[in-house]
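J.: Let's see this in three dimensions:
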Amino acid sequence: MASQAAAFLECLALIRCLVAVPHFAFLHNLHLHAQYIDRATRLATTLADSVAAISLYTDTQASLYAREGAPGRHYLLVEGRFVWLQRFFSVPHCPQLSGVIAIVSDRPGSADRAKLMLAGVDICLPGSTLPREMVAALSVLARMEHRLAAAGKGGLAEGA
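T.: The predicted structure is shown next:
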């Protein structure tokens, strides 16, 4: 009986430990940028429970260009109105980014969303997107990159 109680207490302590550890759905580096800077900080607060590392893109862009950013994969999430996003993506962005998601706060049509994707956006989401869907889209990009890397390694092995 005493050994069962000890085992139960040990199990309970382990459960408490696991519950205390935060569970992040997205373990890569996320850089946020928005047309209105206060919106970027609000997005960061909203996603903080689901994303392990969040930075404001304006603070990290130079270090990413210099290849001095944190190790690992880096993703960019940008929010703004269509015309602003179109201007934002008309200039080259950091080649160190593994994926880019745009959240369009106004209601662009299909042709406008296609323009953004042709300008370098990987996934285009509406302004009404909830945090869970943002994290899911980020996870899709990470999964796609992993698959491409795995396929590239397989292709090298076959060609050798």
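J.: And the contacts of stretch 35-46?
T.: Here stretch 35-46 makes contact (Cβ atoms under 8 Å, 6 or more residues apart in numbering) with 32-34, 54, 56-58, 77, 79-81, 84-85, 105, 131. Placement of C-beta: from N, CA and C, glycine included.
J.: Could you give the average pLDDT over it?
T.: The pLDDT scores in stretch 35-46 average 90.
J.: cool, and stretch 136-156?
T.: Here the average pLDDT along stretch 136-156 is 84.
J.: Same question for stretch 74-82.
T.: In the prediction, stretch 74-82 has an average pLDDT of 93.
J.: Centre of the chain to the longest helix seen in the chain, how far?
T.: Secondary structure of the chain read by DSSP state H shows that its longest helix is helix 131-159. Put simply, helix 131-159 sits 13 Å off its chain's centre (Cα atoms, centre = their mean, to the nearest Å).
J.: before we move on, the earlier item: please indicate which of the contacts of stretch 35-46 are buried?
T.: Neighbour counting by 16 or more other Cβ atoms under 10 Å classes 32-34, 54, 56-57, 77, 79-80, 84-85, 105, 131 among those as buried.
J.: can you list the residues you listed in JSON lines and add distance to residue 44 and secondary structure?
T.: Converted to JSON lines, the buried ones among the contacts of stretch 35-46 look like this (distance: Cβ to Cβ, whole Å; DSSP: H, G, I helix; E, B strand; the rest coil):
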{"residue": "32", "distance to residue 44": "5", "secondary structure": "strand"}
{"residue": "33", "distance to residue 44": "11", "secondary structure": "strand"}
{"residue": "34", "distance to residue 44": "10", "secondary structure": "strand"}
{"residue": "54", "distance to residue 44": "5", "secondary structure": "strand"}
{"residue": "56", "distance to residue 44": "7", "secondary structure": "strand"}
{"residue": "57", "distance to residue 44": "11", "secondary structure": "helix"}
{"residue": "77", "distance to residue 44": "10", "secondary structure": "strand"}
{"residue": "79", "distance to residue 44": "11", "secondary structure": "strand"}
{"residue": "80", "distance to residue 44": "15", "secondary structure": "strand"}
{"residue": "84", "distance to residue 44": "19", "secondary structure": "helix"}
{"residue": "85", "distance to residue 44": "19", "secondary structure": "helix"}
{"residue": "105", "distance to residue 44": "16", "secondary structure": "coil"}
{"residue": "131", "distance to residue 44": "11", "secondary structure": "helix"}
